[in-house]
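Visitor: only the shape, not the letters, is given here:
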Ligand code: CTP
């Protein structure tokens, strides 16, 4: 019998897509056979980060969906729905950046939880600040 494919799920805003985003998705994909990515809704991003994203959720979804290592994307409407999303996509592994270390350990009852180190010295916030400061 063929083994079941291993599904990995991860979440993020992925606004002003940068190399830190690319690397976390590459490393998440390497942990399984199928990578599903929840991209934060515009409204969720506004609540979470206190600003409108530069690129709309439709644009951010389009960018993430086009990546070779990404198999499926969906809009993450609420931070409170992680368990539902893990179950809906039958995820075997939840991947989060290590800035969230420990925060998702409750899901170890239903899947593996892996925290990956962030790429140093780059973030969407820093890029927006850098671009805004350039005249
Ligand atoms: N990420 C990463 N390395 C970075 C930046 C982000 O590994 N330097 C990862 C995050 O840990 C997360 C995913 O990329 O798993 C999406 O993060 P997101 O919050 O969209 O990106 P940031 O650049 O951190 O955005 P912001 O500055 O707005 O918080």
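Guide: Cool, got the structure. Values in this document were obtained by computation on a predicted structure and should not be read as measured data. Residues are numbered from 1 along each chain as shown.

Visitor: look up how far residue 58 lies from the closest residue to the ligand within the chain.
Guide: Closest residue of the chain to the ligand, Cβ to the nearest ligand atom: residue 97 (1.9 Å). (C-beta placed from N, C-alpha, C; glycine too.) According to Cβ to Cβ, to the nearest Å, residue 97 and residue 58 sit 24 Å apart.

Visitor: so these two - more neighbours on which side?
Guide: residue 97 (16 against 10; other Cβ atoms under 10 Å).

Visitor: who's in contact with the closest residue to that one other than its chain neighbours?
Guide: Spatial nearest neighbour of residue 97, chain neighbours left out: residue 118 (5.0 Å); criterion: Cβ to Cβ, 6 or more residues apart in numbering. Shown in contact with residue 118 (Cβ atoms under 8 Å, 6 or more residues apart in numbering): 20, 24, 97, 98, 99.

Visitor: report how many residues lie close to the second one.
Guide: Read it as residue 24. Applying other Cβ under 10 Å, I find that residue 24 has 21 neighbouring residues.

Visitor: and the host helix or strand of it, which residues are buried?
Guide: Assessed by DSSP states H and E, residue 24 sits inside helix 19-29. For helix 19-29, burial by neighbour count (16 or more other Cβ atoms under 10 Å) applies to 20, 21, 24, 25, 27, 28, 29.

Visitor: repeat for stretch 7-15
Guide: For stretch 7-15, a neighbour-count test (16+ other Cβ under 10 Å) marks 7, 8, 9, 10, 11, 12, 13, 14, 15 as buried.

Visitor: about what we covered before: let me know whether the residue of the chain closest to the ligand touches residue 24 as I believe.
Guide: Yes. Residue 97 is within contact range of residue 24, at 6.3 Å (criterion: Cβ atoms under 8 Å).

Visitor: now do the shared contacts for these two.
Guide: In contact with both residue 97 and residue 24: 12, 116, 118, using Cβ under 8 Å, 6+ apart.

Visitor: and the helix holding residue 24, how far from the chain's centre?
Guide: Here the centre of helix 19-29 is set off from its chain's centre by 9 Å, with Cα atoms, centre = their mean, to the nearest Å.
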